[in-house]
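# What follows is a predicted protein model with its sequence.
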Amino acid sequence: MAIGSNNSKEPGMKYSQVDPDKSLASYIDAYWTAKGDRVNTVTEKILPDGCIDFIFNLGSDCITDNGASNMQSENAYLVGTMTRFKETLMHNETNLVGVRFKPGGFSAFHKFASLHEITDKTIECENRSLFDLKKISVDHVAYFNQFFSDKLKKPNYFLLQVIETIRSHKGQINVEALASKNFTTVRQLERSFKQHIGISPKQLINLTRYQNTMTAFQNRQPGESILSIALDHGYYDHAHLTNEFKRYNGVTPTLT
């Protein structure tokens, strides 16, 4: 999850992101900022992306998780992997800074009993002294590069290899084939994914397929139908694709 992960250009929010240092790029997707402007207040839709985020609230309190969570000012939060879209209220005093970890990347820096426990949740970081919010407000990119370089430990290369298999197949692979290609069992994959990513292998496969389908919609050729796009990306039919879109995006696919 990340504010602005759907690349929204709605008035009422200013979103930007930068890449981490190259030494961290295998585990961290981006550092990002989301600020409200001085005029508009908008409800920003956040789309699932298979990622986990740290969010630092440098502005006023921020309502997220469809109204269920309040990220208080000058606090840090951990946002679990999302399985559905959510909404966040962005207003003129919103000022969020985030770190978006790639699937499986969080475990390269932090230990957590099981990330499945925080799936679809926003939780306050218990150790407030872990991060220096003043330094983040001055130069978050330099601070994060140094902070996470110092915390980088031995990554789970096996898990990253499995995720790369899903990515290279564009989500068009079943769990049994995924396990076979990586010389492991379905049960072992299930345990590893829930602990280090927060969702099951099947859930990440489905999300990856949806993301590739969204790209196909954006780059579709004139006259290309929804059904043809659905079949090209491993969906059974139009209805199957529509159900996936509603789960992840809250709307049905359209070519208009």
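Yep, it's here. Just so it is clear, the model here is predicted, and its values are computed rather than measured.
# Could you pull out the strands in the protein for me?
13-18, 28-36, 42-46, 52-57, 62-64, 69-71, 76-79, 86-90, 95-101, 122-124 (DSSP state E).
# Could you list every helix and strand in contact with the longest one?
Under the contact definition 3 or more CB pairs under 8 Å, 6 or more residues apart in numbering; DSSP states H and E, strand 28-36 sits against strand 13-18, strand 95-101, helix 133-151. All C-beta spots, glycine's among them, are computed from the backbone N, C-alpha and C.
# so G105 makes contact with P20?
No. Look at G105 against P20 with CB atoms under 8 Å: they stay out of range, at 10.0 Å.
# Mutual contacts of those two, please.
I28 (CB atoms under 8 Å, 6 or more residues apart in numbering).
# quick one, which of these two is more surrounded?
G105 (26 against 21; other CB atoms under 10 Å).
# Look up how far K134 lies from the more buried one.
26 Å (CB to CB, to the nearest Å).
# about what we covered before: mean neighbour count, the helices and strands packed on strand 28-36: which tops it?
strand 95-101 (a mean of 24; mean count of other CB atoms under 10 Å).
# I'd like to know the average pLDDT value across that strand.
Averaging pLDDT along strand 95-101 yields 96.
# Stretch 200-216 too?
Rounded mean pLDDT across stretch 200-216 is 94.
# mind listing what's buried in that stretch?
200-201, 203-214, 216 (16 or more other CB atoms under 10 Å).
# all helices for the stretch 101-250 of the chain, in order.
Under the criterion DSSP state H, counting those that start in this stretch, helices of the stretch 101-250 of the chain are mapped to 133-151, 157-168, 175-181, 186-196, 201-218, 226-232, 238-249.
# got the angle for the first one vs strand 13-18?
The reference is to helix 133-151. Here the directions of helix 133-151 and strand 13-18 differ by 30 degrees (axes from the mean of the first three to the mean of the last three CA atoms, to 10 degrees).
# again, but for the fifth one
Per the same axes, to 10 degrees, the angle that helix 201-218 makes with strand 13-18 is 110 degrees.
# just to revisit the earlier point, could I get the strands of the chain as CSV with distance to Y157?
Output for the strands of the chain, formatted as CSV (distance: least, CB to CB, whole Å):
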stretch, distance to Y157
strand 13-18, 26
strand 28-36, 16
strand 42-46, 30
strand 52-57, 18
strand 62-64, 33
strand 69-71, 33
strand 76-79, 24
strand 86-90, 31
strand 95-101, 16
strand 122-124, 28
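# wait, which of these is closest to E176?
strand 52-57 (26.3 Å; CB to CB).
# Paired strands for that closest one, with orientation please.
strand 76-79 (antiparallel), strand 95-101 (antiparallel) (DSSP bridges).
# Of the ones you listed, give the one that comes closest to V186.
Using CB to CB, the nearest of the strands paired with strand 52-57 to V186 is strand 95-101, at 24.8 Å.
# just to revisit the earlier point, what's the closest of the helices and strands packed on strand 28-36 to F56?
strand 95-101 (4.6 Å).
# coming back round to it: mean pLDDT for the helices and strands packed on strand 28-36: which is lowest?
Going by mean pLDDT, the lowest-scoring of the helices and strands packed on strand 28-36 is strand 13-18, which has a mean of 89.
# tilt between that one and strand 28-36?
160 degrees.
# Going forward, the N-terminal residue is numbered 475.
Taking 475 as the first residue, the last one we looked at is strand 487-492.
# helices and strands around strand 487-492, which ones?
Contact analysis of strand 487-492 by 3+ CB pairs under 8 Å, 6+ apart lists strand 502-510 as its packing neighbours.
# can you give me the mean pLDDT across the strand it packs on?
94.
# Same check on stretch 632-641?
Stretch 632-641 comes out at a mean pLDDT of 96.
# In PDB, list the C-alpha atoms belonging to that stretch.
C-alpha atoms of stretch 632-641 as PDB (Å, rounded to 0.1, in the frame of the first residue of the first chain):
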ATOM      1  CA  PHE A 632      14.600 -17.800  -1.900                       C
ATOM      2  CA  LEU A 633      11.500 -15.800  -1.300                       C
ATOM      3  CA  LEU A 634      12.700 -13.000  -3.600                       C
ATOM      4  CA  GLN A 635      13.300 -15.700  -6.300                       C
ATOM      5  CA  VAL A 636       9.700 -17.000  -5.900                       C
ATOM      6  CA  ILE A 637       8.300 -13.500  -6.200                       C
ATOM      7  CA  GLU A 638      10.400 -12.900  -9.300                       C
ATOM      8  CA  THR A 639       8.800 -16.100 -10.800                       C
ATOM      9  CA  ILE A 640       5.400 -14.700 -10.200                       C
ATOM     10  CA  ARG A 641       6.400 -11.300 -11.800                       C
END
